[in-house]
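*Asks:* Predicted coordinates and the sequence they were generated for:
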Amino acid sequence: MTASFIREITSLANETVKMVRSLHLRKDREASGLFLAEGLKIATEAMQLGYAPQVLMFGPDATAHPLLQQLARHTSEQGGEVIQVTRDILEKVSRRDNPQMVVAIFHQFYRELSSLQPDDATCWVALQAVRDPGNLGTIVRTADAAGCGGVILVGDCCDAFSVEAVRATMGSIFATPIYRATVSEFISWRAHWPGAVIGTLLSATEDFRTAPYRAPNLILMGNEQQGLPAELANLCDVNVKIPMRGRADSLNLSIATGVMIYAAT
């Protein structure tokens with residue numbers, strides 16, 4: 001693919017390459033307000049949902065793909081930078097030996113909790129202090145698949161726009177609204193929730209299948225290690241348990257959240 005708006009970079013010392021590599025660090029993502037998404041499929045889905053890359057990098061093996069040509073034109077028309085790079089550069093910016101042939105840089109798009117409209121969906125998800133980006137990304141993907149309205153990050157959570165989290169969403173990061181709130185902001189906001197708020201606790205006695213769901217349902221999940229703290233569990237209309245019938249005494253957070261999402265939708 002040749003076009004006047006495409007430039008070529010072959011040096012790892014290039015400033016744009018350094019900037020893209022820096023997005024693996026949370027402090028640099030927060031400072032720039034940018035994040036990295038890997039793969040032509042994800043970048044194309046973002047374009048279809050109205051997002052344009054600030055920077056689009058691609059390797060020589062992708063040049064003939066018609067979707068890349070469309071994405072490159074779209075990026076340029078929206079004021080983004082289109083760059084062809086070497087495979088070595090792609091390996092360095094992806095930190096993978098077998099990198100995707102397309103890497104795109106986007107502006108982050110966290111939303112304010114005050115902008116959430118509960119009646120836009122029958123189910124929403126709130127996560128308190130989630131730590132694992134793979135769990136978070138998988139939950140965002142599951143919420144998208146189930147038609148949830150969005151995911152709320154409560155308190156000190158991992159970054160939804162980390163490379164690992166975005167990778168785990170498989171593109172759903174662009175389709176699922178992500179909200180952020182402090183614990184105190186969430187507590188104040190929850191007082192006006194019009195539907196049921198359902199928490200999960202190992203000590204609960206109510207089975208998740210018989211809980212009094214009432215749309216719009218808000219599923220509130222705790223941290224991977226400690227679970228839901230008392231101050232948030234007390235906010236719930238009901239706390240439920242997912243029965244453990246084997247030797248395992250708990251489920252992975254993303255699996256447990258998926259079970260709850262589909263029970264509430």
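*Replies:* Received, thanks.
*Asks:* Keeping just the C-alphas, turn the longest helix along the chain into PDB.
*Replies:* When the chain is scanned for its longest helix (criterion: DSSP state H), the result is helix 133-146. Taking Å, rounded to 0.1, in the frame of the first residue of the first chain, the C-alpha atoms of helix 133-146 are listed here in PDB:
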ATOM      1  CA  PRO A 133      -6.300  -6.800  34.100                       C
ATOM      2  CA  GLY A 134      -7.200 -10.200  32.500                       C
ATOM      3  CA  ASN A 135     -10.200 -10.500  34.700                       C
ATOM      4  CA  LEU A 136     -11.300  -7.000  34.000                       C
ATOM      5  CA  GLY A 137     -10.900  -7.400  30.300                       C
ATOM      6  CA  THR A 138     -12.800 -10.700  30.300                       C
ATOM      7  CA  ILE A 139     -15.700  -9.100  32.300                       C
ATOM      8  CA  VAL A 140     -15.900  -6.200  29.900                       C
ATOM      9  CA  ARG A 141     -16.100  -8.700  27.000                       C
ATOM     10  CA  THR A 142     -18.800 -10.800  28.900                       C
ATOM     11  CA  ALA A 143     -20.800  -7.600  29.700                       C
ATOM     12  CA  ASP A 144     -20.700  -6.700  26.000                       C
ATOM     13  CA  ALA A 145     -21.800 -10.200  25.000                       C
ATOM     14  CA  ALA A 146     -24.800 -10.100  27.400                       C
END
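*Asks:* In that helix, which residues are buried?
*Replies:* 133-144, 146 (16 or more other C-beta atoms under 10 Å). Quick note: C-beta positions are derived from backbone N, CA and C, even for glycine.
*Asks:* what's around Lys41, how many residues?
*Replies:* 13 (other C-beta atoms under 10 Å).
*Asks:* so after the longest helix of the chain, what's the next helix or strand?
*Replies:* strand 151-154 (DSSP states H and E).
*Asks:* Dump that following strand to CSV, keeping only the CA atoms.
*Replies:* Extracted C-alpha coordinates of strand 151-154, given in CSV (Å, rounded to 0.1, in the frame of the first residue of the first chain):
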residue,chain,number,x,y,z
VAL,A,151,-19.0,-1.6,33.7
ILE,A,152,-18.3,0.6,36.8
LEU,A,153,-14.9,0.6,38.4
VAL,A,154,-15.2,1.4,42.1
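*Asks:* Partner strands of it and their direction?
*Replies:* strand 123-128 (parallel), strand 178-181 (parallel) (DSSP bridges).
*Asks:* For the closest residue to Glu224 other than its chain neighbours, grab the count of nearby residues.
*Replies:* Spatially, and ignoring its direct neighbours in sequence, Glu224 is nearest to Leu253 (4.9 Å; C-beta to C-beta, 6 or more residues apart in numbering). Leu253: 24 surrounding residues under other C-beta under 10 Å.
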